[in-house]
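[1] Return a 3D structure for these sequence lines:
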Amino acid sequence: MAREFSIERMRNFGIVAHVDAGKTTTSERILFYTGMTHKLGEVHDGETVTDWMEQERERGITITAAAISCNWSKTLETDRKDKSKMYTFNIIDTPGHIDFTAEVKRSMRVLDGAIVVFDGAAGVEPQTETNWGYADEANVPRICFINKMDKLGADFDAAVKSIEDRLTKKAVRIQLPIGAENDMSGVIDLITMKAYRFGGEMGTEVTEEDIPSELQAEAEKWRGVLIEKVVEHDDALMEAYLGGEEPALEDLKKTLRKAVIANEIFPIMTGTALQNIGVQLVLDAVVDYLPSPTDLPPVEGINPKNDETVSRQASDEEPFCGLVFKLQDDKFVGQLAFFRVYSGVVKSGTYILNASTGNKERVGRIVRLQADKRAEIEAVYAGEIAAMVGLKEVKTSDTLCDEAAPIELEQISFPKPVVAVRVEPKTKNDQEKMSTALRRLADEDPTFTVSTDEETLETIIAGMGELHLDIIVDRMKREFGVEANIGQPQVAYRETIQGTAEAEHKYIKQTGGRGQYGHVKIRIKPLESLAEDETVAKNVTREDHFEFVNNIKGGVIPNEYIPAVMKGCKEAMARGLVAGYKMEDVSVELFDGSYHDVDSSEIAFKMAAINAFKEAAQKANAVILEPIMKVEVRTPDEFMGDITGNISSKRGLIEQSSELAGKTIVNAKVPLSEMFGYTNTLRSMTQGRASMTMEFNHYEVVPPNIAEEIKRSRGL
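    Predicted structure coming up:
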């Protein structure tokens, strides 16, 4: 089976936005206009393709990222069915709710571009900022689509200003709306200087016409701004423009494309997906300005055999290299491993290497993704996104590659859970099934964790928010048939140290016969972040929020006992020192000790390390950390005083307030422990006229009086 479309005619992009900005509605229009569907699905009817889960359709929100493949020919092409003029799109529709932010982060890692959708009346919203940050981390080129211009209160200029103020100064208008609210009727393209109207059934008839005379002056003004921004990225164009020569259309588009791919310009487009205005032109812009896999630098990784840096070009001729970015349990075929191919070709029935585990795996079946539907294919080529069925030991972030040319790509990092609840099965039959269900759900979602309380032996599940855990419990019931009782949400506190300390412990136990002897001296200090160009020394083991430095000289502790010392320190950290919460961000240095030829053992050194760590942590000022949330409240101005006073009473810090679309926006940082039930409080304070969004921001040391309350609540 040969590649159907050349890699240069491929676009991998995501659709991202804050919840309720019209992201899924935009995705449904894309599927309709590309011919993937023949009936428009609407979110309010629960009939969308990309929101296929029962919970998504019931709640009207996107929970899991859905992948779709489709083809597109540019809107005004004379023969739009000519395959030589077609482009293939691999699209991922991502969630907009903060509780499912992991879906956005992992999708950004494997995408080459993104369409960021904005509500024309709300402008930039909190999750948009978070998603934009993920795109910045991954260097993903973006097109901005200001949607919902038919909505009451829609204001294109205000939305653009919010992008410039809160996201980037590099955003540039390449379109203007014709009208707004009920008068929204089309768009003006500032590159072609033409107006476009969308008529016929579902806006399928796109017509090009002259710009309305009353908008001509404004269009010329913003076209001038656009040209000035574009020519900055080409010396020849800049020189010609300063000499009074306007760039040719093709030169303008070519230079704009170069700037977009380099993340130097983010084009702003507009329309209303619900009223079928502007979506086709966004797809044309994907073709014109977003990169193909060959437009981007080669992907880099580490050869696991020698730790040398290696790279792979986006080419079918290179050795196979791909990244697993998502796992999904399918009741019909088992576990699906979503992956992006960066180089080479992988075929069903062949053997590949999982470079992250060192295991060899057989590729069973490969399927192309159409949301919840699967189309079986024989091979996947460089640049494509698909899913494998039948891999036995694979996790999110694992690198799959050719065994003869191993490479391990950088893993995807995910935010830590901040809310936890206790969960117990309702019946003995449920108990047997619950552990299986939780394990599979945790494999799918890296921001969902399962643990056991060592004192009560209760199962504790943790996630990004109350909605996240609610969906998990609902999925346990629907997909695995597990009924469970859920406790009250609890804050996922952490512990750390603020100072440096040393401790020594000799673990000696003599019970007749062979005894136990382990002796360690350790030094602990707060873990510092590595600089971008800093590498870890050979005697340092660095893991997530933990570092172990082996500075043993002269064999005073034999090498075979060193791992036991590290394990003991990690166990002590897992139990915490202040209130029993997991300790993080600690660097442990083992610098001295001794052993006994007969009595020393791994268990003795592990116990010595546990006791030494506890003693050192007490000296190093161990403290409790609490999650601090970034809170944004949008309210009518008359309730501003009540809201700011209420936030201050919750130990909140108000950072700024601004105006947008007739409402005041309050941005604050507030401890999560103070925010449970805040939505109901906000409704009662504002007669239901204010709204609130919240996302995790950082961990911060708990004040002493609150720390004492936490310790008392845990019986300490």
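[2] Residue 26: which element?
    Using DSSP states H and E, residue 26 maps to helix 23-33.
[3] Return the alpha-carbon coordinates of that helix using PDB.
    Provided in PDB are the C-alpha atoms of helix 23-33 (Å, rounded to 0.1, in the frame of the first residue of the first chain):
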ATOM      1  CA  LYS A  23     -14.400  24.500  19.300                       C
ATOM      2  CA  THR A  24     -16.400  21.300  18.700                       C
ATOM      3  CA  THR A  25     -18.900  23.100  16.500                       C
ATOM      4  CA  THR A  26     -16.000  24.300  14.400                       C
ATOM      5  CA  SER A  27     -14.700  20.800  14.200                       C
ATOM      6  CA  GLU A  28     -18.000  19.500  13.000                       C
ATOM      7  CA  ARG A  29     -18.100  22.100  10.200                       C
ATOM      8  CA  ILE A  30     -14.600  21.100   9.200                       C
ATOM      9  CA  LEU A  31     -15.800  17.400   8.900                       C
ATOM     10  CA  PHE A  32     -18.800  18.500   6.900                       C
ATOM     11  CA  TYR A  33     -17.000  20.700   4.500                       C
END
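[4] which parts of that helix are buried?
    Within helix 23-33, the residues scored as buried using 16 or more other C-beta atoms under 10 Å are 23-33. In short, each C-beta sits where N, CA and C put it, glycine included.
[5] Give me the below-cutoff pLDDT ranges for the stretch 301-450 of the chain.
    For the stretch 301-450 of the chain, the stretches flagged by pLDDT under 70 are 331-332, 370-373.
[6] Now do the strands in it.
    Assigned by DSSP state E, counting those that start in this stretch, the strands in the stretch 301-450 of the chain fall at 309-312, 321-330, 334-343, 346-347, 351-354, 359-362, 365-370, 373-377, 379-380, 385-389, 399-401, 408-409, 419-425, 449-452.
[7] ranking those strands by burial, who's on top?
    For the strands of the stretch 301-450 of the chain, average neighbour numbers computed from mean count of other C-beta atoms under 10 Å are highest in strand 399-401, which has a mean of 25.
[8] and that one, what other elements does it pack with?
    In terms of contacts (3 or more C-beta pairs under 8 Å, 6 or more residues apart in numbering; DSSP states H and E), strand 399-401 is packed against strand 321-330, strand 351-354, strand 408-409.
[9] That strand pairs with which strands?
    Paired strands of strand 399-401, with direction, are strand 321-330 (antiparallel), strand 351-354 (antiparallel) (DSSP bridges).
[10] among the helices and strands packed on strand 399-401, which is nearest residue 488?
    Residue 488 lies closest to strand 321-330 among the helices and strands packed on strand 399-401, at 28.1 Å (C-beta to C-beta).
[11] mind listing what the longest strand belonging to the chain pairs with, with the direction of each?
    Longest strand in the chain, counting residues (DSSP state E): strand 622-635. If you go by DSSP bridges, strand 622-635 pairs up with strand 494-497 (antiparallel), strand 663-671 (antiparallel), strand 691-701 (antiparallel).
[12] Could you say which of the ones you listed is packed most deeply?
    strand 494-497 comes out most buried of the strands paired with strand 622-635 by mean count of other C-beta under 10 Å, with a mean of 24.
[13] Let me see the residues that make contact with that strand.
    524-526, 576-579, 581-586, 617, 620-625, 699 (C-beta atoms under 8 Å, 6 or more residues apart in numbering).
[14] Show me just the buried residues among these.
    Applying 16+ other C-beta under 10 Å to the contacts of strand 494-497 flags 524-525, 576-579, 581-586, 617, 620, 622-625, 699 as buried.
[15] just checking, which of those residues belong to helices?
    By the criterion of DSSP state H, membership of these in helices covers residue 617.
[16] one step back: now the strands paired with strand 622-635 in a markdown table, with distance to residue 571 and mean pLDDT?
    Listed next are those as a markdown table, based on distance: least, C-beta to C-beta, whole Å; pLDDT from 0 to 100:
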| stretch | distance to residue 571 | mean pLDDT |
| --- | --- | --- |
| strand 494-497 | 14 | 94 |
| strand 663-671 | 29 | 90 |
| strand 691-701 | 22 | 86 |
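[17] Provide the partner residues of residue 92 in its beta bridges.
    Beta-bridge partners for residue 92, by DSSP bridges, are residue 14, residue 67.
[18] The strands of the stretch 301-450 of the chain: which one's closest to residue 650?
    Nearest to residue 650 among the strands of the stretch 301-450 of the chain is strand 419-425 (16.6 Å), distances taken as C-beta to C-beta.
[19] got the angle for the closest one vs strand 622-635?
    Angle of strand 419-425 versus strand 622-635, following axes from the mean of the first three to the mean of the last three C-alpha atoms, to 10 degrees, is 100 degrees.
[20] What strands flank strand 419-425, and is each parallel or antiparallel?
    Its sheet considered, strand 419-425 pairs with strand 459-463 (antiparallel), strand 484-486 (antiparallel), strand 490-491 (antiparallel) by DSSP bridges.
[21] still on that earlier bit, list just the nearest of the buried residues of helix 23-33 to residue 165.
    Of all the buried residues of helix 23-33, residue 23 has the smallest distance to residue 165: 21.8 Å, by C-beta to C-beta.
[22] count of neighbours near the nearest residue to the closest one once chain neighbours are set aside?
    Spatial nearest neighbour of residue 23, chain neighbours left out: residue 17 (4.0 Å); criterion: C-beta to C-beta, 6 or more residues apart in numbering. Residue 17 has 28 neighbours, counted by other C-beta atoms under 10 Å.
[23] Please apply the same query to the one 3 residues further on.
    The burial metric for residue 20, expressed as a neighbour count using other C-beta under 10 Å, is 19.
[24] before we move on, what about residue 123?
    Residues contacting residue 123 under the criterion other C-beta under 10 Å number 25.
[25] tell me the contacts of it?
    158-159, 161-163, 166, 660-661.
[26] With residue 539 instead?
    549-551.
[27] Also residue 578?
    Residues near residue 578 by C-beta under 8 Å, 6+ apart: 495, 622-624, 707, 711.
[28] Can you verify my assumption that residue 441 contacts residue 448?
    Yes. Shown here, residue 441 and residue 448 form a contact pair, counting by C-beta atoms under 8 Å, at 6.1 Å.
[29] what do those two both touch?
    residue 472.
[30] contacting residues for residue 312?
    298-299, 301, 318-319, 321, 342-344, 407.
[31] follow-up on the earlier one: right, so of the strands paired with strand 622-635, which gets closest to residue 88?
    Nearest of these (C-beta to C-beta): strand 691-701, 34.3 Å.
[32] Show residues contacting that closest one.
    With contact meaning C-beta under 8 Å, 6+ apart, strand 691-701 is reached by 18, 98, 101, 125-127, 130, 415-416, 418, 464-465, 494, 498, 623-635, 669-672, 675, 678-679, 682.
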